[in-house]
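J.: Structure here, sequence nowhere to be found:
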């Protein structure tokens, strides 16, 4: 297949666009303002001046919430009413960077990571070097300030008793910790969280509300049950709770300016949502590329989310295994790396967060960038296997590493960042709307990973499907949130995409 | 005769369900000028499938009237206003607009003035509003059942109009299906959009962006409002209305023209499942049946659009066959050959064995829990006993429900006694109810749930009486205290609630649905949706190569059959039975049937058909061999029922349905559900060739994969997996579509406490051969009989267990639900003697309800309950107890009338 310069390739502007009211340091300050409020509230809760029992900081994807969490932890530890605090999260992968970051601020002895034996064996050496790591409660230093563990580890049978008998009560005199911090709180199912609630009387939950639910709705036997649902994300129980102080972080760091409308489509209840990056702050340098591929990559580089419908592909093996489409992806990526294309970003000041320094940073293939330049995201396991093969071939051909291009399932890429995301639209090849292709949590994760560009691919027919499919119910009755219908939600999201069509059939 | 063009507002909902069909869109009443039902008649295929049984229609009428009943009107209006965050109304007034646009305009004007001047809330019912976009045409009006007019909080000169509709949706196991609610709110949105666009809406009145659906809060049609944001529903109906308008404009057809030609030239998008509610269903199906295009056969039997391309070769025998799921291929083969296809799964169930009780039920369409009759048959150690049929002349009375439970309960008690005797001193085997379809189970469980709620309320009221408090419902109204349930009733109720609590467990089976069971073993021909009826499946199960089934002839026969195997009746039977029961004028209070003998004969006929089908299904099952794993399934249920029997004996949480399990209980169910799910998947992979095949094809199951035998000496396999590689240990599950676990020499030990031990399977490590990555050498401890080219399904041993031996496969048993359950050493007086220790295991309902009663009384004293509380609080127990003297919907009391011709089940359900 070749993408000739004469192929139809006129991209339509998105129907819905958004330019934020504020950018750069002015936007970043909005988050700081909320963090200041949270910090003051936590201090009041600790001193007894506030009757609140919980703080929930809701973030959208890429809002810099880890930064806010770290600040709250450090301040709490320094509070006179605090002897020690606990931090928990869902996965081992999430607790490790917390341990490293906090040990940097508070010192190695003050921060202990409590790991299971299996997790201990897999710990990277930099974690072992940075923080105190123990596998049993009795090894915790008795003057430790911060204990970090996964919810499963903290929730092990008898753990609360062991912590109390080894460390004694914290300042509150009733529990081993004064505050329980929860990172990626919306990923923790209630039945898991119920096992750690007694660690401390005050909780601070921080997380992205647009994460995948802990369990697919269809598999949840309590779906739609208005009562307690063990599989639901625990913070949803405290919506509107009078003892919960809850705020949204109004600014996102990750997306480029052109993605703001898409972000807003995923967080419709947000009062305001702005991004730090101003128009023009990020770009794709196409290198030596030209022709049809260049036109596609140029469009992706504009920052507007892009949906490309590809006509004329060979028939897929099955609806959900679309090898010809993945081969198209391979060709596009091949052109990208062959042309030595790179990602360009405006550099921001360290002292005044978000203020441009006037300098530019460039991330190129084979560079030492922290996040991969390009990620291929797939929803079905088979497609991921295909994508991984593509990545292996490309890495070999262009001498690339995982910092240049990777493939992953959407589910396991939650919480990660990359330069450009390439994903197949969930409605590709679908003949009707169903629970899987209308799982908007998964679509949100796929759409909100990229700093520079998002390219969604699909075979033609998306609009027809959306026009013709029978209406189907959205969120079940009894579940929190409003009941948006799948068709309308898809349409709202698609409206934020620039659209283009390409015909790649050989017979012209 | 009115001169209006039919089908403006009335068929708005169907538009959304059938939007993909050009024939449906092109035959809109706005185009043809006739109702869809008349259209079907005109083209020679009068509609039968979408029509409404009389009893069902009377239920809808009853519910709609109940919404207008002054008690409920106040409740619906007040709760709606509360849910929208508006002020508590000073007064609620009702007004009737008599389905007239003029009177609606007038009623709204008056209601607006009342709201603005006096802060009064009005419930206007029977509205008529011109269909949005067709105000000046003669399209039929939209007829919202009711609307609430309330003063605005922000602006003293404005009022809100909240559109509503009444839908008597049935609660199945206390929940209304989401797709029904969707349809209901689409209907409300049509009303809201029409009202918004109406030129005669009073000035100062705005249509609210939220709408309200009045649905039954319990089985007795007593309404409760559900308030919902209409935004997306409105978008949806606007999309469809715009589409209809466009179609109508573009259609060159003029009413009175060549209707047949019009229909013929429009292409249908046929789907045997979704199309049944369309009036042209029979016409389109006939068209497909007359075609000899192989693709049309696939359409007719409902093979999905994207699958047909791959499957067409299975019909024409020429085209190359692509990747088609085993079940679809079997469905096509059965259709063509006229004989059922065996899935390869052998029996793992207990249906038809001693300890089971067969139950068939004839449900009334006029009431959610209405029962015309029941048949019960017990299987004893000496075989099937006689059927005991009972008919009820008062289908929805509490006495009928109790009698249903008593009949089942006494059969269960006898079965349990026999099982105890047979077991000698060992723990007895489980008992099961065997039913012909899921609907029968759902009705029975809902009845059990209703009676359990009444009994628990009774225990609370008993405490109230002891303490000198009045017996009150949750909403604070005086209650009628019923008499306690009997032992037999309790056994039946408790078993059904056990089944309800076990609904998340795949391996539990207190109630066995024979239809589902039979479909596990055989795949039938014709549209798969037909396999939803047990008599259709049974007919196929009995077919042989010498006496094959023609799927069309047989499908029609089943469709035209007067009787059904399940709880729901055919329209014909439903109408006949309803008329024999209520006569021409309706049946009031304790009156008997209008034509007692006819009624009894009709119901008994119906029950006999059901019983006969159920027995034929059991006969068909007997012809299928037992699986090696049948014993393991038996042990799972029998272990779980040991816990259940203790609950029943000690009255400890035996009357709790799934939806009422409390928080720590639910938490503890999570690991149980997970262990059950894993065990179920593993047992399926071991014993069901089709399931194992599908798991191996599904890349989501990384522990199961296909393998091909490359050589026998040494044994080398080509393994189609990225995860199962050199160094992995594997077990062979299937060889050429046959389950290895069923081979001679394989044994299962189900006695260990935590796991089943399966011996005789080929288990061993894989090592790299140095050639291709997927080509691996396998060294199983027990060498399997295989030949080069054999197609295997293998599984990663680690999926099952982390044991190191290669002799035995260990499958972890699911844990029985022992939360809030008595322990083996709990006795009848354990709780009374030591309440501290036994608080969480065997505290009887009598004690816990008494405590809860005190709690409720305290809350009531503090003003935290209805009617004092604003906004009103919801009863999370959702017990179906009503205040003494409250109107309950009695659809039997109305004089029967014919459902209107322009309405189909799409409008009702």
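T.: The structure has been received and is ready for your questions. Because the structure is predicted, anything quoted here is derived from the model rather than measured. Numbers count the residues shown, from 1 in each chain, chains lettered A, B, ... in the order given.
J.: The residue of the stretch 351-500 of chain B found nearest chain A and residue B:119, how far apart?
T.: Closest approach of the stretch 351-500 of chain B to chain A (Cβ to the nearest Cβ) occurs at residue B:500, with a separation of 10.9 Å. Using the backbone N, CA and C atoms, a C-beta is placed for each residue, glycine as well. Counting by Cβ to Cβ, to the nearest Å, the gap from residue B:500 to residue B:119 is 45 Å.
J.: Pick out whichever of those two has more residues nearby.
T.: Neighbours were counted for residue B:500 and for residue B:119 using other Cβ atoms under 10 Å in any protein chain shown; residue B:500 has more, 24 against 15.
J.: Just the buried positions in the helix or strand where the more buried one lies, please.
T.: In the assignment (DSSP states H and E), residue B:500 maps to helix B:487-501. Within helix B:487-501, the residues that count as buried by 16 or more other Cβ atoms under 10 Å in any protein chain shown are B:488-501.
J.: Next SSE downstream of it?
T.: Remark: after helix B:487-501, the chain's next helix or strand is strand B:511-513, criterion DSSP H and E.
J.: How far away from the center of its chain is the helix or strand that that following strand is followed by?
T.: Remark: after strand B:511-513, the chain's next helix or strand is helix B:514-521, criterion DSSP H and E. On the basis of Cα atoms, centre = their mean, to the nearest Å, helix B:514-521 sits 17 Å off its chain's mean C-alpha point.
J.: Might you report the residue contacts of the residue of the stretch 701-850 of chain B found nearest chain A?
T.: Proximity to chain A, evaluated over the stretch 701-850 of chain B using Cβ to the nearest Cβ, is greatest for residue B:722 at 6.0 Å. Going by Cβ atoms under 8 Å, 6 or more residues apart in numbering or on different chains, residue B:722 touches residue A:385.
J.: all helices of the stretch 151-300 of chain A, in order?
T.: Using DSSP state H, counting those that start in this stretch, the helices found in the stretch 151-300 of chain A span residues A:151-154, A:159-167, A:190-193, A:260-266, A:291-301.
J.: tell me what the longest one is packed against?
T.: Helix A:291-301 makes packing contacts with strand A:282-285, strand A:306-311, helix A:323-338, strand A:450-458, strand A:498-503 when contacts are defined by 3 or more Cβ pairs under 8 Å, 6 or more residues apart in numbering or on different chains; DSSP states H and E.
J.: Make TSV out of the helices of the stretch 151-300 of chain A and add mean pLDDT and distance to residue B:164.
T.: Below are these laid out as TSV (pLDDT from 0 to 100; distance: least, Cβ to Cβ, whole Å):
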stretch	mean pLDDT	distance to residue B:164
helix A:151-154	95	44
helix A:159-167	96	50
helix A:190-193	94	34
helix A:260-266	93	30
helix A:291-301	92	48
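J.: Could you dump these into CSV and include mean neighbour count?
T.: Shown next, in CSV, are those (neighbours: other Cβ atoms under 10 Å in any protein chain shown):
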stretch, mean neighbour count
helix A:151-154, 20
helix A:159-167, 17
helix A:190-193, 23
helix A:260-266, 24
helix A:291-301, 21
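J.: Out of these, the one nearest residue B:217 is which?
T.: helix A:190-193 (26.5 Å; Cβ to Cβ).
J.: what's in contact with the closest one?
T.: Residues outside helix A:190-193 that contact it (Cβ under 8 Å, 6+ apart): A:90, A:151-152, A:155, A:182, A:228-234, A:237, B:666-667, B:670.
J.: pLDDT on the helix holding residue B:500, on average?
T.: Average pLDDT, helix B:487-501: 95.
J.: just checking, what packs against that helix?
T.: Against helix B:487-501 (3+ Cβ pairs under 8 Å, 6+ apart) you get helix B:398-423, strand B:432-435, helix B:438-466, strand B:511-513, helix B:630-650.
J.: for the first one, what is the average pLDDT?
T.: Read that as helix B:398-423. What helix B:398-423 shows for mean pLDDT is 96.
J.: Now that helix: buried residues?
T.: Neighbour counts over helix B:398-423 (16+ other Cβ under 10 Å) mark B:400-416, B:418-419 as buried.
J.: Mind listing residues that contact the helix or strand containing residue B:116?
T.: If you go by DSSP H and E, residue B:116 is part of helix B:101-118. Helix B:101-118 is contacted by residues B:90-91, B:93, B:95-97, B:120-122, B:124, B:127-130, B:141, B:147, B:149-151, B:156-159, B:161, B:200-202, B:204-205 when judged by Cβ under 8 Å, 6+ apart.
J.: which among those residues end up buried?
T.: Buried members of those, scored by 16+ other Cβ under 10 Å, are B:93, B:95, B:97, B:120-122, B:124, B:127-130, B:141, B:147, B:149-151, B:158-159, B:161, B:201-202, B:205.
J.: Strands - which of those residues land there?
T.: Per DSSP state E, strands hold the following members of these: B:93, B:95, B:121-122, B:124, B:147, B:149-151, B:159, B:161, B:205.
J.: Is it possible to get TSV of those that adds distance to chain A and pLDDT?
T.: Formatted as TSV, those follow (distance: Cβ to the nearest Cβ, whole Å; pLDDT from 0 to 100):
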residue	distance to chain A	pLDDT
B:93	30	91
B:95	30	93
B:121	24	94
B:122	27	94
B:124	26	94
B:147	21	96
B:149	24	96
B:150	21	95
B:151	24	94
B:159	24	96
B:161	21	97
B:205	24	97
